[in-house]
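Student: Fold the following, please.
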Amino acid sequence: QVHLVESGGGVVQAGDSLRLSCQASERSFNIATMGWFRQTPGKEREFVAAITRNGAMTNYADSVKGRFTISRDNAKNTGYLQMNSLRPEDTAVYYCALTVVGMPTLPSHYGNWGQGTQVTVSS
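Tutor: Numbering: from 1, shown residues only. Below you'll find the model as predicted:
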């Protein structure tokens with residue numbers, strides 16, 4: 001079982017940037033698609049971005065396209081989410097997760113979830 005730990009969240013102002021990290025405990029991270037999701041209280045977990053195991057393909061939610069960039073460093077068993085031009089509506093707990101099946105956008109298709117990191121964007 002791969003253990004994931006997210007970090008890099010914080011409180012920022014609208015227009016600022018943050019980079020989230022997702023550290024995996026095992027090299028099996030390298031054979032999995034990595035996804036980032038976010039969730040606010042009372043709402044379902046929402047797809048943000050995904051990247052294939054070799055980084056060749058990425059996918060983004062329309063709401064973050066052009067502002068967020070997903071990447072990974074397999075040598076470090078670490079994934080990243082660079083978030084620029086942050087908006088108050090980006091406020092959420094952000095989670096990373098892994099899957100070995102394609103590049104899905106549904107949370108139910110992912111396993112190995114981290115504990116999440118809070119991102120708060122003030123206006």
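Student: Sticking with the spatially most central residue of the chain, tell me its helix or strand.
Tutor: When the chain is reduced to its mean C-alpha position, the closest residue under Cα atoms, centre = their mean turns out to be Trp36, at 2.4 Å. Per DSSP states H and E: Trp36 is located in strand 33-39.
Student: same for that strand, what does it pack against?
Tutor: strand 18-24, strand 46-51, strand 68-73, strand 78-83, strand 92-99 (3 or more Cβ pairs under 8 Å, 6 or more residues apart in numbering; DSSP states H and E). The way it works is simple: take the backbone N, C-alpha and C, and place the C-beta from them, glycine included.
Student: Contacts for the fourth one, please.
Tutor: Right, strand 78-83. Here strand 78-83 makes contact (Cβ atoms under 8 Å, 6 or more residues apart in numbering) with 17-24, 29, 34, 36, 48-49, 51, 64, 67-73, 90, 94, 96, 119.
Student: And that strand, how far out from the chain middle?
Tutor: 7 Å (Cα atoms, centre = their mean, to the nearest Å).
Student: again with the third one
Tutor: In terms of Cα atoms, centre = their mean, the centre of strand 68-73 is set 8 Å apart from its chain centre.
Student: Repeat that for the last one.
Tutor: The offset between the C-alpha centroid of strand 92-99 and the centroid of the whole chain comes to 5 Å, using Cα atoms, centre = their mean.
Student: Next, the buried residues of the next helix or strand after that strand.
Tutor: For strand 92-99, the succeeding helix or strand toward the C-terminus, using DSSP H and E, is strand 117-122. For strand 117-122, burial by neighbour count (16 or more other Cβ atoms under 10 Å) applies to 117, 119, 121.
Student: Just the closest of the residues you listed to His109, please.
Tutor: Comparing these against His109 with Cβ to Cβ places Thr117 closest, at 21.5 Å.
Student: Could you give the bridge partners of the closest one?
Tutor: Judged by DSSP bridges, the bridge partners of Thr117 are Tyr94.
Student: for it, what are its contacts?
Tutor: 6-9, 20, 93-94.
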